[in-house]
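Trainee: My questions concern the predicted model and sequence given below.
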Amino acid sequence: MTALIILFILISVFLLWYGAVPRRAGLSSRKQQGALDQKRSATAERFKLATYNIHGGKGTDGIRDLARTTEVIRGAQIVALQEVRAGWLFDQTREMSHALGLNGLFVPTLRRWFRDRRGNGLLSAFSVGRWQSYALPNAGGYRHRIYTVAEIEIGDTVLSILFTHLHTRAGRERQLRIVLEHFTRLPLPSVLVGDLNSRKYDPVLLAGLPDDVADAIAAVLETDDEHRVDWILTRGLDVRGGGRTGVGISDHPYYWVEVQI
């Protein structure tokens, strides 16, 4: 009896440990590739590009309602999502892609109980071609983060998009340097979208941006919040407009810009 109890404890400890191990980038399985649901392809020279940390669909009122989160982003053609949740019976990226009629890609960063648990998402009205995720070094010894580079086919143009969610702890600066270095090597046109947990005057951010990079959100907002941590950085695109929706549906604002190739 004692041996059975010890065995049960050891198995439980293993399962908890395994669940805390994030999915490392670059090891995408065929099943993950299948999360890219190509429903339709669109063609446009001008489109709406957005970023949203959805907080798992949970608002500042404590209510988790993915339907209202979905309505916030309705009308955008490309949306990078952070803090997306998944489980045995649900996948928030897939649910949102079905509701909006967009292609959806979910890139998990954490597995729990042998199941993808949370990560980043991408919704697109255009076909998404090749994509690859890359592991980022730990920040403060806590959890792995990743970034993903995907190719979006817009007519005869291929848009390179890098989307990510960086940590808040010490070590974030190293993550940011890696992301910025990769972004500046991407072919034009290209965008870096996501929650960088880095503010306007972050020295790493300022030092890592070449002259051809535009802060698209700052370009369209009359008053740019210096405490903003969500970013849309563009290269080879003209920014024509944009806006934001304040916190409430999530603990982050929703930012969008209209860009032209």
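Mentor: Done, it's in.
Trainee: Hmm, L196 is touching L180, no?
Mentor: No: the pair L196 and L180 fails to qualify as a contact (Cβ atoms under 8 Å) at a distance of 9.2 Å. To be clear about C-beta, it is placed using only N, CA and C from the backbone, and glycine gets the same treatment.
Trainee: Need the residues touching each of these two.
Mentor: With contacts defined as Cβ atoms under 8 Å, 6 or more residues apart in numbering, the residues adjacent to both L196 and L180 are L205.
Trainee: Following element in sequence after the lowest-mean-pLDDT helix or strand in the chain, please.
Mentor: For the chain, scoring each helix and strand by mean pLDDT, DSSP states H and E identifies helix 30-33 as the least confident one, at a mean of 34. Next along the chain after helix 30-33, taking DSSP states H and E as the criterion, comes strand 46-53.
Trainee: could you say what helices and strands that following strand packs with?
Mentor: Using 3 or more Cβ pairs under 8 Å, 6 or more residues apart in numbering; DSSP states H and E, the elements in contact with strand 46-53 are helix 66-73, strand 78-85, strand 190-195, strand 230-235, strand 254-260.
Trainee: could you redo the ones you listed as a markdown table and give each row mean neighbour count and distance to T245?
Mentor: Written out in a markdown table, the entries for those read as follows (neighbours: other Cβ atoms under 10 Å; distance: least, Cβ to Cβ, whole Å):
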| stretch | mean neighbour count | distance to T245 |
| --- | --- | --- |
| helix 66-73 | 18 | 6 |
| strand 78-85 | 27 | 12 |
| strand 190-195 | 26 | 15 |
| strand 230-235 | 23 | 12 |
| strand 254-260 | 23 | 4 |
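Trainee: quick one: which of these is nearest H55?
Mentor: Distance to H55, taken as Cβ to Cβ, is lowest for strand 78-85 among the helices and strands packed on strand 46-53, at 5.3 Å.
Trainee: what sits up against the closest one?
Mentor: Outside strand 78-85, the residues touching it (Cβ under 8 Å, 6+ apart) are 47-57, 73, 92-93, 96, 102, 106, 117-126, 152, 159, 161, 163, 165, 193-195, 252.
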